[in-house]
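Undergrad: only geometry, no sequence info:
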């Protein structure tokens, strides 16, 4: 039986999603609990391996099990075993050939920035960018990303994938009482891509860079955008599947 | 010259205010920086030694220094050296006989509770109390605290102070979108007093205890209120001085 789980987590105290020996990770935390229940190791497969410090509002993972429990019971048992920074939102039974990563049709990320004085209570939860931002300049920088492009300029030079073409379907910014939140939806994202895009848009908003997005994309050169926005402002907001 | 500093801190990652060898404390963090500036140890004196996990919105401390800097410069230098979970709000020059602790005329604490589903992003910042609360019962439990009472029932049995008479001047509760916030003002508080009072009021709100405050106070017996609300919901909100 394939079990599909939707979770939220506060990434602040995790060394990312993916299992690492000797580090506290989301995967390690969950697999430890599943091993306790199954008396044997059970691997989980997530839609997205978020980096250290990155949060999730709706992350998915699946696993296979012989334990036959109704979804509500799974939810209850798993939630009871989770630490305070992980919440099980929902559990469902998936088709045996469903894969939380390969079946994902798209993802939405949110990036949270606050611009006023440093707030100790946002530590780990929002990025502090203490500058006056021009929202029209940010929108001007963001709009040309919509569509299908080679995102070499906007991904980590460390990315091993050779095909860097991705499709962005939405990229929006909204003002909050003390800053801005960006949401971006696409068919897929390269390593660090949302954080590099955000760093570029913030520099345009701050006025230390002139929006020139199409030329930046055309450059296919990571070195023209040297910044990566911090992990703490990034949230995996939604994973889109055909049937969910 | 006596320098008076107003700070905020997120208590989540501190083992309290007071210096402890081998633990991360607010006092230790600040004294380390002052030592760097002065090339010698400089002791700070706080208005209140908040416990591990307790936050401060406006905590005060003072120290004596030979370094003659204008307040704004102190603020700038100290803020630059602070970690992300401490903010220097304000610096002023105090009279040589001013003492941040002994001159405090009163304090206000805030306690934050949320009552819905667990929220991983509140971890360390609000107390999760997932019960329906009756605000009228809470107000009924709170009102009789106003005035001067012996608070033996409502303080840690570990408290070494023998005079447990304190005056409470205000105790209020407000609804928030997902819970309640309590503010309490008094001339002084015993060890754990706000957290024990809050635990009692929450139990009255939840209906597992009937408000009977005057009898509880009269009992002068800590064992009649066995609970202490968690540190994470508690904020030192304001310290009242004659001249500030």
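TA: The structure has been received and is ready for your questions. The model shown is predicted, which means the values in this text are computed figures rather than measured ones. Residues are numbered from 1 along each chain as shown, chains lettered A, B, ... in the order given.

Undergrad: tally of neighbours for the closest residue to residue A:231 other than its chain neighbours?
TA: Among residues not flanking residue A:231 along the chain, residue A:53 sits closest, at 3.4 Å (CB to CB, 6 or more residues apart in numbering or on different chains). Where C-beta positions appear, they are placed from N, C-alpha and C, glycine not excepted. Residues lying near residue A:53 (other CB atoms under 10 Å in any protein chain shown) number 18.

Undergrad: Residue A:53 and residue A:16: what is the separation?
TA: Distance of residue A:53 to residue A:16, given as CB to CB, to the nearest Å: 8 Å.

Undergrad: from the middle of its chain, how far away would the strand or helix carrying residue A:3 be?
TA: Take DSSP states H and E as the rule and residue A:3 turns out to sit in strand A:2-9. Strand A:2-9 has its C-alpha centroid displaced from the chain centroid by 15 Å (CA atoms, centre = their mean, to the nearest Å).

Undergrad: And stretch A:122-141, by the same measure?
TA: Its chain's average C-alpha position is 18 Å from that of stretch A:122-141, according to CA atoms, centre = their mean.

Undergrad: Next up, the contacts around residue A:75.
TA: Residues in contact with residue A:75 (CB atoms under 8 Å, 6 or more residues apart in numbering or on different chains) are A:88, A:90-91.

Undergrad: Assign it to helix, strand or coil.
TA: helix (DSSP: H, G, I helix; E, B strand; the rest coil).

Undergrad: what about the closest residue to residue A:193 other than its chain neighbours, distance to residue B:186?
TA: Of all residues not flanking residue A:193 in the chain, residue A:155 sits nearest, at 4.7 Å (CB to CB, 6+ apart). Distance of residue A:155 to residue B:186, computed by CB to CB: 56 Å.

Undergrad: From residue A:150, how far out is residue A:162?
TA: Taking CB to CB as the measure, residue A:162 falls 11 Å from residue A:150.

Undergrad: of these two, who's got more company?
TA: Higher neighbour count among residue A:162 and residue A:150: residue A:150, with 14 against 5, using other CB under 10 Å.

Undergrad: Next up, phi/psi of the more buried one, please.
TA: Main-chain dihedrals, residue A:150, degrees, to the nearest 10: phi -80, psi 120.

Undergrad: what residues are up against residue A:172?
TA: So residue A:172 contacts A:142, A:182-184 (CB under 8 Å, 6+ apart).

Undergrad: Could you confirm it falls within a strand?
TA: Yes - under three-state DSSP, residue A:172 sits within a strand.

Undergrad: For it, give the beta-bridge partners.
TA: Under DSSP bridges, the beta-bridge partners of residue A:172 are residue A:183.

Undergrad: Tell me how far it lies from residue A:214.
TA: Applying CB to CB to residue A:172 and residue A:214 gives a distance of 19 Å.

Undergrad: now do residue A:194
TA: Using CB to CB, residue A:194 is found at 19 Å from residue A:214.

Undergrad: Looking only at neighbour counts, state which of these two leads.
TA: Remark: of residue A:194 and residue A:214, residue A:194 carries more neighbours, 26 against 11, as counted by other CB under 10 Å.

Undergrad: mind checking which helix or strand that one is in?
TA: Taking DSSP H and E as the criterion, residue A:194 maps to helix A:193-206.

Undergrad: care to break chain A down by domain?
TA: Using automatic domain parsing, the domain parsing of chain A gives A:2-94, A:105-241.
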